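Asker: Okay, sequence plus prediction incoming.
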Amino acid sequence: MSGGAWEYMMSGIDDNSTGDGHTGKLASGRHNLYNSGFKGKLTCPQCNDSGVEVNHEITEITEGIDLPTDTRYYDKYDYSTSDTTYNRGHLGDATKETGPFQSVIYKNQTRRAGSWYDDEAWFAYSAVPWVVRGGGCYGDGLGAGIMDFHSNNGNIYINGAFRLVLSF
């Protein structure tokens with residue numbers, strides 16, 4: 001089960017449209033190029049990705065799929081501008097129980113890892129508001145474990161899959 005495909009789930013941060021971090025709505029994605037396709041606010045419309053020009057005027061996706069109205073179908077984490085605020089995790093989805101989290105050096109790079117099998121743990125935040133789990137291919141080392149989770153901009157990867165997660 002370790003590695004092989006990023007697994008998508010409906011999991012991301014609050015869209016913060018009221019400024020208090022608690023709107024009850026899941027953010028659509030990072031900006032107009034990288035988003036989930038669900039209607040909703042974009043968390044980083046001014047972000048520029050490696051020279052890729054984005055339309056800074058678009059702050060919300062208004063065409064697309066409506067998010068489910070029943071929140072039991074997705075995990076929503078409090079809004080944050082930092083990927084190190086792990087206290088926003090939920091029991092049952094590996095974002096809380098796999099801690100404590102620490103920085104580790106792996107292949108000359110600083111990575112964040114959880115205490116279960118040292119799998120990588122990068123929490124969603126405003127620049128990358130969605131979550132993927134399970135890691136990439138075996139060669140990704142720390143990033144290929146079953147307890148791995150990463151932030152994502154809302155776009156899908158070609159080698160993605162999905163898993164069902166129950167959290168409370």
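Answerer: Nice, I can see it.
Asker: Every contact and neighbour count from this point should use C-alpha atoms.
Answerer: OK.
Asker: What helices and strands are in contact with the longest strand along the chain?
Answerer: Assignment by DSSP state E gives strand 6-13 as the longest strand of the chain. In terms of contacts (3 or more Cα pairs under 8 Å, 6 or more residues apart in numbering; DSSP states H and E), strand 6-13 is packed against strand 75-77, strand 130-133, strand 160-162.
Asker: State the paired neighbours of the second one in the sheet, together with their directions.
Answerer: Using DSSP bridges, strand 130-133 pairs in its sheet with strand 6-13 (antiparallel), strand 149-152 (antiparallel).
Asker: returning to that earlier point: quick one, which of the helices and strands packed on strand 6-13 is packed in tightest?
Answerer: Neighbour counts (mean count of other Cα atoms under 10 Å) averaged over each of the helices and strands packed on strand 6-13 peak at strand 130-133, with a mean of 28.
Asker: Tell me which residues are up against that one.
Answerer: 6-13, 29, 123-124, 146-154 (Cα atoms under 8 Å, 6 or more residues apart in numbering).
Asker: Now a ChimeraX select for only the buried ones of those.
Answerer: The following ChimeraX command selects only the buried members of the contacts of strand 130-133, with burial defined by 16 or more other Cα atoms under 10 Å:
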select :6,7,8,9,10,11,12,13,29,123,124,146,147,148,149,150,151,152,153,154
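Asker: so what's the backbone phi/psi at N87?
Answerer: Dihedral angles of N87 (phi, psi; degrees, to the nearest 10) stand at phi -70, psi -10.
Asker: Now do the contacts for the residue lying closest to it once chain neighbours are set aside.
Answerer: Nearest non-adjacent residue to N87, counting by Cα to Cα, 6 or more residues apart in numbering: K96, 7.2 Å away. By Cα under 8 Å, 6+ apart, the contact list for K96 reads 86-90.
Asker: which residues of the chain score low on pLDDT?
Answerer: 1-6, 8, 17-24, 135-144, 156-168 (pLDDT under 70).
Asker: Taking the chain centroid, which residue in it is the extreme one?
Answerer: Largest separation from the mean C-alpha position in the chain: N108, at 24.3 Å (Cα atoms, centre = their mean).
Asker: contacting residues around that one?
Answerer: Applying Cα under 8 Å, 6+ apart to N108 gives no contacts.
Asker: about what we covered before: now the strands paired with strand 130-133 as JSON lines including distance to F38?
Answerer: Shown next, in JSON lines, are these (distance: least, Cα to Cα, whole Å):
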{"stretch": "strand 6-13", "distance to F38": "11"}
{"stretch": "strand 149-152", "distance to F38": "15"}
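Asker: Out of those, flag the one nearest L33.
Answerer: Among the strands paired with strand 130-133, the nearest to L33 by Cα to Cα is strand 149-152 (12.9 Å).
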